[in-house]
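Enquirer: A structural model of the following input is requested.
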Amino acid sequence: MVDAPSGHDDALAELRLLENESDFGLEIIRVIGPAGSKEPLFVDVSIDCCGIEHSPNGLQLRSRERFALCIDPDFPLSPPSVFAADSRFAFHDHVYWVGDYGIYLCVYYSEEQQWRPERGMSGFIYRLMQWLEDAAAGKLDHPAQPLHPPHVCGDYAEEFFVVRKDCPTVTGGWLGYAVFEKVHDRRLDLVDWTRDGTCAGGKVTAPAILVDTPFVSQFPKYGSTLLKFFERLGIGRELLAERLMIHARHTTGRPPMYLVFGVAMRGTVGERAEQHLVVWRIDGRGANDLRNLARKRKQFSEKGAKGALAKGAAVIDRWKESTGTLTYCRVYEDRPSVVLRRDEASGVAWFRGKTVTLWGGGALGSPIAEHLVRAGVAELRIVDNGRVTPGLLVRQNYRDSDIGKAKVSALAPRLESINPTVKIAPVTKNLLSVGYDVAETLVETDLLIDATASRRVALVIDRHLVRHGSAPHPIVTVANDLNAKRGLATVTPSGSALGPTELLQRAFLRLCDMNARKWLDVFWPEVDERTWFEPEPGCSAPTFRGSHAEAGALAGGMLSRFGDELAAGAVPTVLLGTALPISQTTGHRFAFEASSDQACPESGFVIRFLPEAIAAMQAVIDGQQRDNQTPNETGGVLFGYRNDFLRVIWVADASPPPPDSRSSRSEFVCGVEGVAAATAKWQARSSGLVGFVGTWHSHPVSSATPSVVDLSAMRKLLLQSGSPRHRLVLTIVGHSANQPSVRSFVFGGNGESGTGGSDED
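Expert: Presented below is the predicted three-dimensional model:
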């Protein structure tokens, strides 16, 4: 025996210890030293199998079984291999034929997951005993087990196949043809199955034989063995020759021929047994003989055709006598029925099969585009009118050769190369131009993602929602802070009218109430032109500091997170978080209820009441009715903010009557005591966003129509404002004692006044 390296020493020492402790359950017969120190060490052992229970369909074990353990020098990083010399083990589940060493037992489904180096030989022998017990009981395969394909033993060809199309249903057997598309010289994609050998569009076919029974755990090395197996399946040499000759007629020159063979996989996906596919590459003299016969067969009579077929069968007979090894092509699976997507549990799974419109191909937009393509969207429409400049290569998904190109034109080929099945539609347009139709975009897409981080673009979305009502499909906006450390996303689900501008304003108020300065300072900072970052002279707009790694992390985290929101049935939401996927532990999630809208046609404004304002008015009215048998009118002051571009006034809160207000059954005159202090408090609380926007009052038994007194009071308030463009809201809750209806009116703005409104029960 030669000296063994330390790995061998450790393994032998452990085996001898197990032998001493096992009371002859494990016996070392002999140790066969390697020819060199780097060669494997073989240990012949005998194992007691008397206590193992057997089933009729299990492996029948003797009282003692002998095995050869093959131990590599790097043990215990690599587990030993185990071989059986007895032919009873051949053709069994999870058993391979390996020639000189004997019959290889596949005791580990996954060495990476199941082999524990720290457990050494003790753990290996335990695993081997477990395998023998399962084999004897016929339980090596069970429905919950992962798909386990047979091993391919033979030579590998240079070309390989990618299987895209699910196999046809196989009952007993299926004879037909696999349809291939040639991607390049070495790659062919299996894209369809057909019963006849014809196809169009530059595709090629190859004979396919599929059976619904499992094969042995290893495909044979020699052609004679495989052909004998075909015969046992009822596929004789004449049938095989005919199929191959049809295949040969559709090939030109002297390319190789292929035969696709499929057997039932061990294990299942759901209730269906799936096919394991191998591709046999046939070339050399045999392929040329069949190709010559196929060409001549076209000229033969029926009798001559039979003769050609007989000659083809003779070619198959010569293959049986050949001692050469088979050549297989590598097969890479991409069938939906057998391949489980690695992103199945991720939020990006929601995007699969969707049509998505992406605004912006920049630091956030370009990685989001790639993530969407890898997620398997059906179509991606990218809108951006920018061009690639040298500085952008630091953090955007472009190459040096793209400099000077339109971003969408440069990005499209990259995305198509990642996933050719996705339709990429690049659009070079300015989102702020009159010619861009937002309404058409929202109708034709399943999701709109705004990755421009532009307040003006967000206003375009809000303006559309104000004018046309709720969004037909979800709208998402994403942005990051000035250092690419934190991300911000808004989610407007289908059926909602809350656009990104409104959602951000409401999130801002929520953060103000929480005094969350960390988030307020990074996303709503005070403007200071001295701190703007302009990386190149003449840059069109200041940008942020940050790398591809940081921007990409934010893009991926936000995409995954709002994918979760959409999958769960989103509500109007604002998400804030760090570079990790946005969650409650790394940021904030704010969900918002819909506003109550009031339109004032005369002024063209919409008044939107936040739920808190509606609740505040209702509480004052309920208190008045509870305290008085015959309720008086009541009212108070409205606080909110206005956007003249959108022509929307938001009412954030409604106060009770000021102390100096006058109230009766037919009149309410709002006082002013404490209003200035309350306004100042709101201004401080909201960093100047919220202020005094008007008044409200109730009509217990009459309609929500302003009286002469109401109109006079509003004119006085406008005069006191001192601004010709100031606008004030008057809201009346009519019939508040029984069935309330609300109407709102907007006064002011170059002396204009609203005198009408719309009811909303």
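
Enquirer: so where do the helices sit in the stretch 201-350 of the chain?
Expert: 223-232, 237-249, 285-297, 302-321 (DSSP state H, counting those that start in this stretch).

Enquirer: check these for me and report the most buried one.
Expert: helix 237-249 (a mean of 20; mean count of other C-beta atoms under 10 Å). For the C-beta atoms, the positions are set from N, CA and C on the backbone; glycine is no exception.

Enquirer: so which other helices or strands are in contact with that one?
Expert: Contact here means 3 or more C-beta pairs under 8 Å, 6 or more residues apart in numbering; DSSP states H and E; on that basis helix 237-249 packs against strand 173-184, strand 204-214, helix 223-232, strand 257-264, helix 285-297, helix 302-321.

Enquirer: list the buried residues in the first one.
Expert: Spelled out, it's strand 173-184. By neighbour count, with 16 or more other C-beta atoms under 10 Å as the criterion, the buried positions of strand 173-184 are 174, 176-181.

Enquirer: could you pull out the buried residues of stretch 673-688?
Expert: 675, 678-679, 682, 686.

Enquirer: which outside residues touch that stretch?
Expert: For stretch 673-688, contacts defined as C-beta atoms under 8 Å, 6 or more residues apart in numbering pick out 508-509, 512-513, 520, 524, 637, 639, 641, 652-653, 655, 658-660, 690-692.

Enquirer: at 7 Å what do you get?
Expert: 509, 512, 637, 639, 655, 658-660, 690-692 (C-beta atoms under 7 Å, 6 or more residues apart in numbering).

Enquirer: same question for stretch 536-545.
Expert: Against stretch 536-545 from outside (C-beta under 7 Å, 6+ apart): 391, 480-484, 532-535.

Enquirer: which of the helices of the stretch 201-350 of the chain comes out lowest on mean pLDDT?
Expert: With a mean of 71, helix 285-297 has the lowest mean pLDDT of the helices of the stretch 201-350 of the chain.

Enquirer: show me what that one is packed up against.
Expert: helix 237-249, helix 302-321 (3 or more C-beta pairs under 7 Å, 6 or more residues apart in numbering; DSSP states H and E).

Enquirer: what about 10 Å?
Expert: helix 237-249, strand 257-264, helix 302-321 (3 or more C-beta pairs under 10 Å, 6 or more residues apart in numbering; DSSP states H and E).

Enquirer: what mean pLDDT would you report for the shortest one?
Expert: Averaged over strand 257-264, pLDDT sits at 87.

Enquirer: how far is it from where the chain is centred?
Expert: The chain centre lies 32 Å from the centre of strand 257-264; the measure is C-alpha atoms, centre = their mean, to the nearest Å.

Enquirer: where does the prediction get shaky in the stretch 501-650 of the chain?
Expert: Residues of the stretch 501-650 of the chain meeting the criterion pLDDT under 70: 527-531, 538-540, 579-586.

Enquirer: most widely separated two among the contacts of stretch 536-545?
Expert: Greatest spatial distance in the contacts of stretch 536-545: Gly391 and Asp481, 19.7 Å, computed using C-beta to C-beta.

Enquirer: more crowded one of those two?
Expert: The neighbour comparison of Gly391 against Asp481 (other C-beta atoms under 10 Å) goes to Asp481, with 19 against 13.

Enquirer: now the more buried one: how far from Ala541?
Expert: 16 Å (C-beta to C-beta, to the nearest Å).

Enquirer: rewinding a little: among the contacts of stretch 536-545, name the buried ones.
Expert: 480-482, 484.

Enquirer: which residue ranges of the stretch 51-200 of the chain form strands?
Expert: 64-71, 81-84, 95-97, 103-105, 151-152, 155-163, 173-184, 187-194 (DSSP state E, counting those that start in this stretch).

Enquirer: just to revisit the earlier point, redo the helices and strands packed on helix 237-249 as JSON lines? Include distance to Glu633.
Expert: Listed next are these as JSON lines, based on distance: least, C-beta to C-beta, whole Å:
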{"stretch": "strand 173-184", "distance to Glu633": "78"}
{"stretch": "strand 204-214", "distance to Glu633": "82"}
{"stretch": "helix 223-232", "distance to Glu633": "95"}
{"stretch": "strand 257-264", "distance to Glu633": "82"}
{"stretch": "helix 285-297", "distance to Glu633": "98"}
{"stretch": "helix 302-321", "distance to Glu633": "102"}
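
Enquirer: Pro601: which of the ones you listed is closest?
Expert: strand 173-184 (60.4 Å).

Enquirer: need the mean per-residue confidence for that closest one.
Expert: 90.

Enquirer: roughly how far out does it sit from the chain middle?
Expert: For strand 173-184, the distance to the chain centre is 29 Å (C-alpha atoms, centre = their mean).

Enquirer: what's that strand packed up against?
Expert: strand 155-163, strand 187-194, strand 204-214, helix 237-249, strand 257-264, strand 275-282.

Enquirer: send me that strand as PDB with only the CA atoms.
Expert: Extracted in PDB, the C-alpha atoms of strand 173-184 (Å, rounded to 0.1, in the frame of the first residue of the first chain):
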ATOM      1  CA  GLY A 173     -45.500   6.400 -27.200                       C
ATOM      2  CA  TRP A 174     -45.400   9.400 -29.600                       C
ATOM      3  CA  LEU A 175     -43.700   9.300 -33.000                       C
ATOM      4  CA  GLY A 176     -43.300  12.600 -34.800                       C
ATOM      5  CA  TYR A 177     -40.800  15.400 -35.400                       C
ATOM      6  CA  ALA A 178     -39.200  18.100 -33.400                       C
ATOM      7  CA  VAL A 179     -39.000  21.500 -35.100                       C
ATOM      8  CA  PHE A 180     -35.800  23.500 -34.700                       C
ATOM      9  CA  GLU A 181     -34.700  27.100 -35.400                       C
ATOM     10  CA  LYS A 182     -31.000  27.600 -36.000                       C
ATOM     11  CA  VAL A 183     -29.800  30.500 -33.800                       C
ATOM     12  CA  HIS A 184     -26.100  30.300 -34.700                       C
END
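
Enquirer: give the pairing partners of that strand; include direction for each.
Expert: strand 187-194 (antiparallel), strand 204-214 (antiparallel) (DSSP bridges).

Enquirer: what residues sit buried inside the last one?
Expert: When neighbours are counted by 16+ other C-beta under 10 Å, the buried residues of strand 204-214 are found to be 204-211, 214.

Enquirer: and if you look at the first one?
Expert: Burial within strand 187-194, assessed by neighbour count using 16+ other C-beta under 10 Å, is assigned to 188-191, 193.

Enquirer: also stretch 13-23?
Expert: 14-15, 18-19.

Enquirer: give me the contacts around it.
Expert: Stretch 13-23 is touched from outside by 25-28, 31, 43, 45-48, 69, 71, 75-76, 80, 119-126, with contacts defined as C-beta atoms under 10 Å, 6 or more residues apart in numbering.

Enquirer: can you give me how far that stretch is from the chain middle?
Expert: 51 Å.

Enquirer: cool, stretch 202-218 as well?
Expert: 31 Å.

Enquirer: in the protein, what residue sits furthest out from the centroid?
Expert: Ser664 (62.4 Å; C-alpha atoms, centre = their mean).

Enquirer: how close does it get to Gln624?
Expert: 12 Å.

Enquirer: overlap in contacts, those two.
Expert: 632-633.

Enquirer: among the contacts of stretch 673-688, who's most crowded?
Expert: Phe639 (26 neighbours).

Enquirer: wouldn't that residue be in contact with Asp653 here?
Expert: Yes. Using C-beta atoms under 10 Å, Phe639 makes contact with Asp653 at a distance of 4.6 Å.

Enquirer: can you check which of the strands of the stretch 51-200 of the chain gets nearest to His468?
Expert: strand 187-194 (42.4 Å).

Enquirer: list phi and psi for Leu559.
Expert: Dihedral angles of Leu559 (phi, psi; degrees, to the nearest 10) stand at phi -60, psi -40.

Enquirer: could you verify my assumption that it touches His371?
Expert: Yes. With contacts counted by C-beta under 10 Å, Leu559 reaches His371, the gap being 5.3 Å.
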